[in-house]
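> sequence-free structure coming up:
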């Protein structure tokens, strides 16, 4: 009989509790013994309030009931992200969770849209996306399973209170046998012969040993960096923002089923509607604006009354050189930081957890108290790839701009971008070709949304799109537009749907109910 | 949008040359691109029989080739799998079938359960969990059908072709598309 794997999770924010909940749910009790150490004296960062549709696979895999989760985390639905002022001041586009039209004769839809525009009958690309049209009209309904219906052409995610999410997962994990200890870690003991983590020492004096340590301690990386000195690859030359101010405010208008990211004089501002309040923040570069000025600008641009003082955050864009080093795996901010522009924080946590589970369940987790170095290398390669994909996509937002009204935009517009991104942009400009890949974020519609939304226009398209007869082209495009429009007007409003599906319980006091 | 290329010459023969010519002509015909095959005859290293991957179905779709017509005129047959015989010693054999092997269970790929079973001493052939493999073993065939989650749509197929007949068929099809020779 194999001994259960002793897993010690350090830190109890979103990353820590997602890890605890997933491991407790997926591994059988006799396979694991999970202990999570968090200090109620250390706050959690918890600004990642907007998610991507992938979270639904995570919920399904670990057995989370969606309406229940939504009701208890003040959640709203999310069909995409609106980007305001990115290519030019006054521009607005939505990055939707869904496709634009569908392939015709095997050729991606946008080629026909480009052809129609060149032939003198331009229409907004937004009109061909159900989630965008629904967002613009503040409507929501669940997608259909019927693949022939236009209602199956989109996905959705959630906007929720990250503190309440962590609390929800804590309950879920504790019910499944995760042992929580409220303590601070004062020392990390490494094994003399190979430098693996043997145990962590708590402020109570207790030594906690384990086979596997998951570092969810946030930016500082208590185990992965302070103890193991793993190293960090910085990406600030491409992603110059290094600070944020976060502040909640009262809701005023209707609840939008989308997040908004507005480009500003030294970065960008987020707006995330929850059922009980609005989450706001200003992500900025300290090279271009002071903290006080950023806070003042943020407060002056809130839609409703501020419900707290702005909370400052500091970070460095980049990724840990190895997120799995010896017997430590860094998940969440301890593993890397990419600004929440595309709501990827929780996705990156999720992918680290599910990838780890895939590798751990493949084979016995320990072999002579060692992890197979080939497994560790394969895991690290995978996580690196995930971060690099997101990085390129984020850089595109900063780089594809015509703005010259502020130093940050002049810098980003003219900066040298990674070759991997340069290649993607060149192929799109030349032939309307989106570089697609099987693994990692993002899919073709996402790239299209940002290219078109930020005025990266191709000079040619797929010649196969020319094969369609001109009148037939008009007819097919019009039919997509009409189908989208007539479907959306029949959908309930976002608020009506929420009231029926997952009305939130009014917030109580405590750490989750941030005033 | 200016087409700077107006004429493409394909040098060679056999199915490869005609596929290239027909594909280019079909894609660029509207832009007035002429495609001409300088037929050097069947290459000396041309295979007698050709077996294809399922991706050839897509190529036929692109060229507008009706499958039934192709079968009737070239004597083609369907291919659900490739059998590998003797690669792990005399008497060994396995099928590489063009279809899924089981489906995910609780988010975990099916093959991992087979591996787990094998580690625990219960070695089972993946073929038993593949519709394409079982059909191939028993000499049966039907086209994939049903919605995408159905077992009956869990596979695809390629073709067995006589290369000379296939080449001749493609030459005729290319001519119809306006490929010159």
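That came through fine. Small disclaimer: the values here were computed from a predicted structure and weren't measured.
> Please count neighbours and contacts with C-alpha atoms only from this point.
Fine.
> Can you tell me which residues in chain B are near chain A?
Chain B comes close to chain A at residues B:1, B:26-31, B:62, B:106-108, B:112, B:116, as judged by CA under 8 Å from any CA of the partner chain.
> Let me see the contact set for the spatially most central residue of chain A.
Computing the C-alpha centroid of chain A and ranking residues by CA atoms, centre = their mean puts residue A:344 first, at 1.8 Å. For residue A:344, the contacting residues are A:51-52, A:338, A:390, by CA atoms under 8 Å, 6 or more residues apart in numbering or on different chains.
> number of nearby residues for residue A:193?
Residue A:193: 6 surrounding residues under other CA atoms under 10 Å in any protein chain shown.
> From residue A:106, how far out is it?
Residue A:193 sits 59 Å away from residue A:106 when distances are taken as CA to CA, to the nearest Å.
> any idea which element the closest residue to chain A within chain B lies in?
In chain B, the residue that lies nearest chain A is residue B:27 (4.8 Å; CA to the nearest CA). Using DSSP states H and E, residue B:27 maps to helix B:14-28.
> go on, residue B:113?
helix B:110-119.
> downstream neighbour of that helix in the secondary structure list?
Next along from helix B:110-119, by DSSP H and E: helix B:131-137.
> The helix or strand just after that following helix pairs with which strands, and in what direction?
Per DSSP H and E, the first helix or strand lying C-terminal to helix B:131-137 is strand B:158-162. Strand pairing for strand B:158-162, determined by DSSP bridges: strand B:49-51 (antiparallel), strand B:77-79 (antiparallel).
> for the helix or strand hosting residue B:96, packing partners?
Applying DSSP H and E as the criterion places residue B:96 in strand B:93-97. Judged by 3 or more CA pairs under 8 Å, 6 or more residues apart in numbering or on different chains; DSSP states H and E, strand B:93-97 is in contact with strand B:81-85, helix B:131-137.
> elements contacting the host helix or strand of residue A:35?
Using DSSP H and E, the element containing residue A:35 is strand A:32-38. Judged by 3+ CA pairs under 8 Å, 6+ apart, strand A:32-38 is in contact with strand A:5-10, helix A:14-26, strand A:179-182.
> picking that back up, just name the most buried of the helices and strands packed on strand B:93-97.
Greatest average neighbour count among these goes to helix B:131-137 (a mean of 21), per mean count of other CA atoms under 10 Å in any protein chain shown.
> Against which helices or strands is it packed?
Counting by 3+ CA pairs under 8 Å, 6+ apart, helix B:131-137 packs on strand B:81-85, strand B:93-97.
> Which strands border the last one, and is each parallel or antiparallel?
When you say that, I think you mean strand B:93-97. strand B:81-85 (antiparallel).
> what's the spacing between the partner strand and its chain's center?
In terms of CA atoms, centre = their mean, to the nearest Å, the centre of strand B:81-85 is set 15 Å apart from its chain centre.
> what does stretch B:135-150 give?
For stretch B:135-150, the distance to the chain centre is 16 Å (CA atoms, centre = their mean).
> just so I know, which of the helices and strands packed on helix B:131-137 lies nearest residue B:177?
strand B:81-85 (32.2 Å; CA to CA).
> any weak-confidence spans in chain B?
Filtered on pLDDT under 70, chain B yields the residue ranges B:1-3.
> Tell me the spacing between the residue located most distally from the centre of it and residue B:114.
Residue distances from the centre of chain B (CA atoms, centre = their mean) peak at residue B:120, which lies 37.1 Å from the mean C-alpha position. Going from residue B:120 to residue B:114 by CA to CA gives 10 Å.
> Could you name the specific helix or strand carrying the closest residue to chain B within the stretch 201-350 of chain A?
Here the stretch 201-350 of chain A gets closest to chain B at one residue, residue A:350, 13.4 Å apart by CA to the nearest CA. Assessed by DSSP H and E, residue A:350 sits inside helix A:345-362.
> Show me what counts as buried in that helix.
Residues A:345-354, A:356-358 are the ones in helix A:345-362 that count as buried (16 or more other CA atoms under 10 Å in any protein chain shown).
> try stretch A:450-469
Buried residues in stretch A:450-469 (16+ other CA under 10 Å): A:450-451, A:453-458, A:460-466.
> and of these, the nearest to chain B?
Among the buried residues of stretch A:450-469, residue A:464 lies closest to chain B (CA to the nearest CA), at 4.8 Å.
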